[in-house]
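return atomic coordinates for the entry below.
(one chain, ligands or ions: 1)
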Amino acid sequence: MNLIERPREMQECSLKLRREGRRIGLVPTMGFLHEGHAALIRRARTLADWCVVSVFVNPTQFGPHEDFTAYPRDPQRDAELCRACGADALFRPAAADMYAADHSVYVDERDLSAGLCGAFRPGHFRGVLTVVAKLFNLVQPDVAVFGQKDAQQARLIQRLVRDLNFPVHVVIEPTVREPDGLALSSRNAYLNADERRRALSLSQALRRAEALVREGERDAERLKAAMRPILEAAAPTEIQYLEIVNYQTLRPTPQVAGPTLIAVAVKFGKTRLIDNVIVGR
Ligand code: AMP
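Below you'll find the predicted structure:
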């Protein structure tokens, strides 16, 4: 596996491979890799013949009071996981090489980014879309794989590709969970044992909603009313949102009709956890 740190080197390598007719796959990550990332890498391997994993804790997607400096990092273990999953290259740029000191061009989305996490993390998706656009230009992927764990992000990347005409096929993979249901996340590392136990309330509430939809419930308010006590019983520091939205528009819908995203964001102490399910498809 190649370790590439310079953006310029990454781009030259990819342009050469494309000229040779190779099909490039990209899995963008912020590192501290887990089995959720591993599933994306394995999927990318089946879709491309040269698979790049990027590890970059992107400063522009963190707010001023968020966990950029505290974000967990383990470069050696990340490299081992990438190698074990069969990645061909690990692209690990330094922030100073990705952003010029006077960097001034950003990708700003004005529709899908308004609600859900976008409402609580101003500027977050601007940072995400800007770095993903940069990664697409540097890695020149034919296919890029993202996780449904970050459902709004995945929809935004589909919109980025459509609206700015990136020649990239976007693939979204299901959320990988612990055996007890907790969605894997690098941020789970912040949880103490008690918070880890209470964090199960997210997947439990989502499973309850899924079960009700299977039984025929379609009313969004009734679904939320069934979920909220499950979240509240875990005494979170804050329930940021519990939303039922149309999966295409990400706008609240009164009824489950067609693909519908049920999404939650909850804080335990300073740790912000998100999870979601898609129903009605
Ligand atoms: P992150 O490193 O958290 O920015 O995530 C990098 C990619 O991995 C994103 O596309 C995430 O949606 C995806 N991802 C994170 N957690 C999971 C999970 N539990 N299952 C599947 N994909 C995930």
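
could you use CA atoms for every contact and neighbour count after this?
OK.

up against the ligand, what does this structure have?
Residues of the chain found near the ligand (CA under 6 Å from any ligand atom) are 28-31, 36-37, 146-150, 174-177, 183-185.

of these, buried ones?
Buried subset of the residues of the chain next to the ligand (neighbour count, 16 or more other CA atoms under 10 Å): 28-31, 36-37, 146-150, 175-176, 183-185.

excluding sequence neighbours, find me the nearest residue to Leu212.
Among residues not flanking Leu212 along the chain, Leu223 sits closest, at 7.3 Å (CA to CA, 6 or more residues apart in numbering).

assign a three-state SS to that neighbour, would you?
helix (DSSP: H, G, I helix; E, B strand; the rest coil).

where's it relative to the ligand, distance?
As judged by CA to the nearest ligand atom, to the nearest Å, Leu223 and the ligand stand 24 Å apart.

what's the answer for Tyr241, then?
In terms of CA to the nearest ligand atom, Tyr241 sits 18 Å off from the ligand.

you'd agree that residue is in a strand?
Yes: when classified by three-state DSSP, Tyr241 is found to be part of a strand.

helix or strand right after the strand or helix carrying Cys117?
Element membership for Cys117, per DSSP states H and E: helix 116-120. Per DSSP H and E, the first helix or strand lying C-terminal to helix 116-120 is helix 124-139.

report the mean confidence score over that following helix.
Regarding helix 124-139, the rounded mean pLDDT is 98.

all helices for the stretch 51-200 of the chain, in order.
Taking DSSP state H, counting those that start in this stretch, the helices of the stretch 51-200 of the chain run over residues 75-84, 95-98, 116-120, 124-139, 151-163, 193-198, 200-214.

how about residues contacting the last one?
Contact partners of helix 200-214, identified using CA atoms under 8 Å, 6 or more residues apart in numbering, comprise 180-183, 223-224, 226-228, 230-231, 233-234, 262-264, 266, 274-277, 279-280.

and for the longest one?
In this structure, residues lying in contact with helix 124-139 by CA under 8 Å, 6+ apart are 7-8, 10-11, 14, 24, 26, 28, 52, 58-63, 106-109, 113, 118, 153, 156-157, 160, 166, 168.

same question, the second one
Residues outside helix 95-98 that contact it (CA under 8 Å, 6+ apart): Arg6, Pro7, Phe56, Asn58, Pro59.

let's have those in a markdown table, adding pLDDT and neighbour count.
Formatted as a markdown table, these follow (pLDDT from 0 to 100; neighbours: other CA atoms under 10 Å):
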| residue | pLDDT | neighbour count |
| --- | --- | --- |
| Arg6 | 98 | 15 |
| Pro7 | 98 | 20 |
| Phe56 | 98 | 19 |
| Asn58 | 98 | 19 |
| Pro59 | 97 | 17 |
